[in-house]
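J.: could you work out the structure for the sequence below:
(chains A and B)
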Amino acid sequence: MTVVDTEASTRTLEDPSPKAAKHRNPVRFAVLFALVVLLLLLVGPLLVVAVNAVKSPADYAASGPLSIPTHLYWDGIVDFWNRVNFGQKLWNSFITSLVVAVLGVVLSILNAYALGIGKVKGRVWFLVFFLVANLLPQEVLVYPLYYIGKEIGLYDNLISIIIIFTVIQSAFGTYLLTSVYAEFPKELLEAASIDGAGKWRALWQVVVPVSRPTLAVLFTFFFIWTWNEFFLPLIFLISNDNQTVPVALGVLQGDRMMDATTTSASALIGILPAMLFFLLFQRTLTRGIAAGAIK
Amino acid sequence: MKKNRGYAIYLIPGVLASLAVIVVPLVMTVYVSFTKWTGVGTPRWVGFDNYTRLFQDTLFWQSFSNIGLLVLAMAVVPTLLGLFLAAVLFDYVAKKFGDRWAGTLRSGYYIPQVLPVAVTGIVWGWILHPDYGALNKIMESIGLGGLTRNWLGDPDYALYSVMAVMIWFQLGYPVVMFMAGLSRVDPELYEAADLDGASWWQRFRKITVYMIRPEFYVVLVTTTIAALKIFGQVFVLTGGGPSNATLVPSYFAYKNFFEKAQVGYGSAISTVLTVLIVLLAFLFLRLQHRAEETR
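T.: Residues are numbered from 1 along each chain as shown, chains lettered A, B, ... in the order given. A predicted model of the protein is given here:
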């Protein structure tokens, strides 16, 4: 990254040179303009939603979706929040995503330790298994899971969703982390073993601390993925008190009570947590996407 | 070899969890796909009946032709457009306007990707709503009232509307992936090409496209698989309607499982979808492997 930064700064220093001035033609700004228009097309819908979420129904009826609200009207959001008991949904989503992220990372570490560092027999087949598990559409698992969940009394219970997503996310984590651990410096492990550390201590005192950046990326991915999941929570979490944010919002569509401003209010409170994670995790995410690409 | 003993124990939790959540349900679904079952009582073995029925079912073929168009909207268009955008941002905007502009635009383009799918559905369901939707209101206000449509409720337009929403949703992912790939490329390569008098288009074709082939394959395969699995957006936007115009395989399976209680038939649909996805993934892996060998 630092290389790129120095490149950029030398470029800015050179900018006032005659050569740069020659490039200051209309094309430059046409390109930038087109890119900014595209940005507006992509972000605009969210801005329109935000504007209308704080507009009173009367104001909306009078001047439509594009006007700036005459005054900030919070009742739409507050009413919606109370009607669906949104605090509860936020908590359900948060606790599910957090537990899945932690357990998913732990399970990925254990698997990858055996496969990447331990290089156990048949590891290629295990990796193929985790890769395929990663690809499976959830539809092919859903009915038996639903059936088993009912039989053992975990249907309509957050624990079922936590168990399922821990396993599904760790399939990806195992795949990614194994390739990272396969390159793990042998010297560090040997040093630990000379110091008398067993495999268990070597894992937690050497391997995990050294691979912390990758683990942070996995944690972030798992958290956001689980937060955004819709299909399985839709099927498993049927009672109001157990719904997660996406399910609560998704099943309300087409509801009679949903008018224009209430719908945008509901969309806005769905967007806000996602935007918050985006801002919080932005660095980890871009780094992680790059890591996933190089494999 | 002896050193590697004792690692297998670390695989036990992962293997047990995968058996319970992935292997057993997968085997059950494949088994049920050869039976007639309503979800209660014992499944009755019917051999290949579900599959023969499937291949004669016009809805099944419709769901697959719809998914073909969605692959275009979710994989092909975003990948090609994203490649071009990433090259413009990396090899033009970053140089003429600085890295900050390129970085900001990239993050902005990525924003739709971080929203939960259900929330994407709500945002667009609201914008495209025939009565109060922002799009029709905007068109009326700029004198295009004659072109307003019931975007999601008209069988002639519903699928195209969903496709447009999916392009909006997906575009940021390839941009981020390709820019991450480009940051690997030695800037001197571009400078040398510049000195040789290569035009921007020549640099794009000979350097950019060539250098990020690994990312290109990863993006194409992951977005194609995502398109084949699409459920949430269709559920929230159209519910597969109107008159099955936007029916997709996963939604078709869902309906058979949970609305029609035809679990055997639903299992057959999801089994076919799974086979298709796994085959496609391995085909892509082979292609990628071959591409890397010829380098």
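J.: name the nearest residue to residue B:141, ignoring sequence neighbours.
T.: residue A:64 (6.8 Å; CB to CB, 6 or more residues apart in numbering or on different chains). Bear in mind the C-beta positions are built from the backbone N, C-alpha and C, glycine included.
J.: looking at the residue in chain A positioned nearest to chain B now. What's its pLDDT?
T.: For chain A, the residue closest to chain B is residue A:118, as judged by CB to the nearest CB, at 2.4 Å. In this model, residue A:118 is scored at 90, pLDDT.
J.: residues in contact with it?
T.: B:4, B:6, B:7, B:8, B:10 (CB atoms under 8 Å, 6 or more residues apart in numbering or on different chains).
J.: ok, back up a step: tally of neighbours for the residue nearest to residue B:141?
T.: 17 (other CB atoms under 10 Å in any protein chain shown).
J.: again with residue B:94
T.: 24.
J.: can you tell me the helix or strand for it?
T.: helix B:94-96 (DSSP states H and E).
J.: follow the chain on from that helix and name the next helix or strand.
T.: Trace forward from helix B:94-96 with DSSP H and E and the next one is helix B:99-114.
J.: helices or strands next to that next one in the packing?
T.: For helix B:99-114, the elements it packs on are helix A:2-14, helix A:26-53, helix A:260-294, helix B:158-170, helix B:172-182, judged by 3 or more CB pairs under 8 Å, 6 or more residues apart in numbering or on different chains; DSSP states H and E.
J.: pull out the buried residues from it.
T.: B:99, B:101-102, B:105-114 (16 or more other CB atoms under 10 Å in any protein chain shown).
J.: tabulate those residues in a markdown table, adding columns for pLDDT.
T.: Output for the buried residues of helix B:99-114, formatted as a markdown table (pLDDT from 0 to 100):
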| residue | pLDDT |
| --- | --- |
| B:99 | 85 |
| B:101 | 89 |
| B:102 | 88 |
| B:105 | 91 |
| B:106 | 90 |
| B:107 | 88 |
| B:108 | 90 |
| B:109 | 93 |
| B:110 | 90 |
| B:111 | 90 |
| B:112 | 91 |
| B:113 | 88 |
| B:114 | 86 |
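J.: those residues: which two are farthest apart?
T.: Using CB to CB, those span at most 22.7 Å, a distance reached by B:99 and B:112.
J.: so what's residue B:13 closest to, chain neighbours aside?
T.: Closest to residue B:13 by CB to CB, 6+ apart is residue A:110, at 5.9 Å.
J.: which ones are touching that neighbour?
T.: B:10, B:11, B:13, B:14 are the contacts of residue A:110 under CB under 8 Å, 6+ apart.
J.: can you rerun that using 6 Å?
T.: B:10, B:13, B:14 (CB atoms under 6 Å, 6 or more residues apart in numbering or on different chains).
J.: and residue B:51, by the same measure?
T.: residue B:268.
J.: give me the pLDDT for it.
T.: 96.
J.: check residue A:14 too.
T.: Predicted confidence (pLDDT) for residue A:14: 43.
J.: just to revisit the earlier point, please, a PyMOL command that selects the buried ones among the contacts of residue A:110?
T.: To isolate the buried subset of the contacts of residue A:110 in PyMOL, counting by 16+ other CB under 10 Å, use the following:
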select buried, chain B and resi 10+14
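J.: highest mean neighbour count out of the helices and strands packed on helix B:99-114?
T.: By mean neighbour count, with neighbours taken as mean count of other CB atoms under 10 Å in any protein chain shown, helix B:172-182 ranks first of these at a mean of 25.
J.: which elements pack onto that helix?
T.: helix A:260-294, helix B:77-88, helix B:99-114, helix B:213-229 (3 or more CB pairs under 6 Å, 6 or more residues apart in numbering or on different chains; DSSP states H and E).
J.: who's in contact with the residue most central in space within chain A?
T.: For chain A, residue A:224 is the residue whose C-alpha lies nearest the centre (CA atoms, centre = their mean; 2.3 Å). Contacts for residue A:224 (CB under 6 Å, 6+ apart) come out as residue A:277.
J.: and for the residue lying closest to residue B:280 once chain neighbours are set aside, the neighbour number?
T.: Spatial nearest neighbour of residue B:280, excluding adjacent residues (CB to CB, 6+ apart): residue B:224 at 6.6 Å. Residue B:224 has 20 neighbours, counted by other CB under 10 Å.
J.: I'd like the distance between residue B:224 and chain A.
T.: 11 Å (CB to the nearest CB, to the nearest Å).
J.: how about the residues of the stretch 1-150 of chain A near chain B?
T.: A:7-8, A:28, A:35, A:39, A:42-43, A:45, A:48-49, A:64-65, A:107, A:110-111, A:113-114, A:118-120, A:133, A:135, A:137, A:139-141, A:143-145 (CB under 6 Å from any CB of the partner chain).
J.: for residue B:271, give me its contacts.
T.: Counting by CB under 6 Å, 6+ apart, residue B:271 touches B:30, B:33.
J.: typo on my end, residue B:22
T.: Residue B:22 touches residue A:133, counting by CB under 6 Å, 6+ apart.
J.: try 10 Å this time
T.: Counting by CB atoms under 10 Å, 6 or more residues apart in numbering or on different chains, residue B:22 touches A:129-130, A:132-134, A:136, A:140-141, A:145, A:164, A:167-168, A:171.
J.: and residue B:89, by the same measure?
T.: A:35, B:97, B:99, B:101-106, B:109, B:175, B:178-179, B:182.
J.: change it to 6 Å
T.: Taking CB under 6 Å, 6+ apart as the test, what residue B:89 contacts is B:102, B:105.
J.: in three-state terms, label the residue nearest to residue B:13 for me.
T.: helix (DSSP: H, G, I helix; E, B strand; the rest coil).
J.: and the pLDDT at it?
T.: At residue A:110, the pLDDT recorded in the model is 96.
J.: that one and residue B:15: what is the separation?
T.: 10 Å (CB to CB, to the nearest Å).
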